[in-house]
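Q: What follows is a predicted protein model with its sequence.
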Amino acid sequence: MLDIKFIRENKDIIKEGIAKKKSTVDIDALLELDEKRLAVMARTETLRGEQNKMNTSIANEKDVNIRSQMINEMKLVKDEFKEKEQELQDILSEWQALMLKIPNIPTVDTPIGEDDSENIVIRDWGEKPNFDFVPKEHFELGKALGIIDTETAGEVASSRFAYLKGDLVLLQFALIQMCLEILINKEKLEDIATKAGLSISVVNEFIPVIPPVFVRPLVQVKMARYMAPEDHYLFPNDDLMLIGSAEHTLGSMHMNKIFEESELPIRYAGYSTAFRREAGTAGKDTNGILRQHQFDKLEMEVFSLPENSIQEQNFLVAIQEHVLQTLKLSYQVVSVCTGDMGFPDARQIDINTWMPGQNKFRETHSSDFTGGFQSRRLGTRVRRKDGRIEPVHMNDATVIALGRTMIAIMENYQQADGTIKIPEVLKKYINKDFIS
RNA sequence: GGAGGCGUGGAUGAGUGGUUUAAAUCAACGGUUUACUAAACCGUCGAACUUUAAUCGGUUCCGUGAGUUCGAAUCUCACCGCCUCCGCCA
């Protein structure tokens, strides 16, 4: 949600931003409604004020006749008050519905474009491996090695589920452990920031969190992540839904909380399973584990001061790159264009990792800078040193999406005989050289 | 699942229909004193919306929502959360 005062004062910028995000909220209608809101609110408050004054007089009046006459008079005021209050409520619910529909406005450095074809690669890293054989896709490798079974999962659950087995499971836990060790290591983090040329003054390390995988729909609305019911697994009997990312229950951890300036930044590393219905992607990426209803992911969530938040996003991207570099996986960093970015995002950067089996870069990481957009809805604020209170800025970003990163490892590290070499850095967690 | 209890500002906690405009204490912040720290003393000290150049002011908020009333932190109902006991359980 944006600040209504900001919308009032920057009408044209907002309109432009909304158009770039391919949204169609009528800002003029909203502003007209807002004027009505203020007028009715003023009248309601005046009536309430009259009532409050009279209440004291009634309380102090000893004469029973005068007193009952006063009460009768106030009955009339009460009637008008109720009427105005109802009117205000109707306006407010319409007003709020409109406010929630306005997407976040892209930053000036966000490329303008219609869809993912206009995203811009801002840098790349690493060498694509050379094979003297035709590299296979992960699902072929996985099936042959007996470490991915989508057929049984299809029968037991449904499509887009899988049994991960054997060494692939060891690989997943190794990756989690490797990443957590980076995120809780202050020196390592400082090192990453320095190498990326970032002046992150105080590096608070990440606090590991295992968050709930269920969330109230109401909270999900505040996170600006509940756009359409068909996108989510809903449990109406319990008024709950499954999260699509640890972001949803990490970002909402501090609803209605005011931080002191000195407490920030606060950084979390949340590990959870993510659940996606994948409505509308029928027929897309149906093989293997690239696009699943259920996958595990380590996610970063950072609450920071507004003036540091862009830098903070750059830091998160630097961490993502560090993880991929450690695994020696080739990738490109992509600045996501206005038409392709998420609803609450002001700036989105994705990382696509090389998948030789598919002969393509595929998205493995995403980082969302949402500024004060989510925090304004959530009521997560900061009290500045001068006493001013404002929404904190929020960033969320993937550390590692296990499924997709394991695909990249399988395909990049595959051997002619169909076995998979274990990356050097993971050997201390998995006591072998090959998955075979 | 059964029984009971409780939700008041950053924390503790008073308040059971009208001088409550939410007491008091602690914490926090500013100052005086001090070589420094502490103590003591003085002062400030919730949030949202609105008005204003800014102050002043106005309205709302006592878990959330609805209701009763001229008037609700206080009464009624529903919901949410927490705690205790019993049952079940990784």
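A: Noted; the coordinates are in hand.
Q: The helix or strand hosting residue A:155 - what's its average pLDDT?
A: Using DSSP states H and E, residue A:155 sits in helix A:150-156. Per-residue pLDDT values over helix A:150-156 give a mean of 95.
Q: Give the other helices and strands that it contacts.
A: strand A:163-164 (3 or more CB pairs under 8 Å, 6 or more residues apart in numbering; DSSP states H and E). Where you see a C-beta, it was placed from the backbone N, CA and C, and this is true even at glycine.
Q: quick one: strands adjacent to the strand it packs on?
A: With DSSP bridges as the test, strand A:163-164 is paired with strand A:148-149 (antiparallel).
Q: Check whether the lengthiest helix in chain A comes into contact with RNA strand B.
A: The longest helix of chain A (DSSP state H) is helix A:64-101. Yes - applying CB under 7 Å from any atom of the strand, one finds helix A:64-101 in contact with RNA strand B at A:71, A:74, A:75, A:77, A:78, A:89.
Q: Report the contact partners of the first one.
A: By CB atoms under 8 Å, 6 or more residues apart in numbering, the contact set of residue A:71 is residue A:58.
Q: what's the distance between it and residue A:78?
A: 10 Å (CB to CB, to the nearest Å).
Q: domains in chain A, as residue ranges please.
A: What automatic domain parsing lists as the domains of chain A is A:4-101, A:116-435.
Q: which of the ones you listed is buried the deepest?
A: domain A:116-435 (a mean of 18; mean count of other CB atoms under 10 Å).
Q: and that one, how far out from the chain's middle?
A: 10 Å (CA atoms, centre = their mean, to the nearest Å).
Q: Give me the distance between the two termini of that domain.
A: Counting by CA to CA, to the nearest Å, you get 35 Å between the two ends of domain A:116-435.
Q: and what of stretch A:343-363?
A: By CA to CA, one end of stretch A:343-363 lies 18 Å from the other end.
Q: next one: stretch A:420-433
A: 9 Å.
Q: could you give the mean pLDDT of that stretch?
A: Per-residue scores along stretch A:420-433 average to 96.
Q: Between all of the residues of helix A:64-101 next to RNA strand B, which two are separated the most?
A: The distance between the two most remote of these (CB to CB) is 25.9 Å, for A:71 and A:89.
Q: Please, where are all the strands along the stretch 251-400 of chain A?
A: Applying DSSP state E, counting those that start in this stretch to the stretch 251-400 of chain A gives strands spanning A:258-260, A:266-275, A:294-304, A:331-335, A:347-355, A:360-371, A:381-383, A:389-391, A:393-401.
Q: Now render those as a markdown table, adding mean pLDDT.
A: What follows is the strands of the stretch 251-400 of chain A, written out as a markdown table (pLDDT from 0 to 100):
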| stretch | mean pLDDT |
| --- | --- |
| strand A:258-260 | 88 |
| strand A:266-275 | 95 |
| strand A:294-304 | 96 |
| strand A:331-335 | 98 |
| strand A:347-355 | 98 |
| strand A:360-371 | 97 |
| strand A:381-383 | 89 |
| strand A:389-391 | 90 |
| strand A:393-401 | 97 |
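Q: Right, I'll leave it there.
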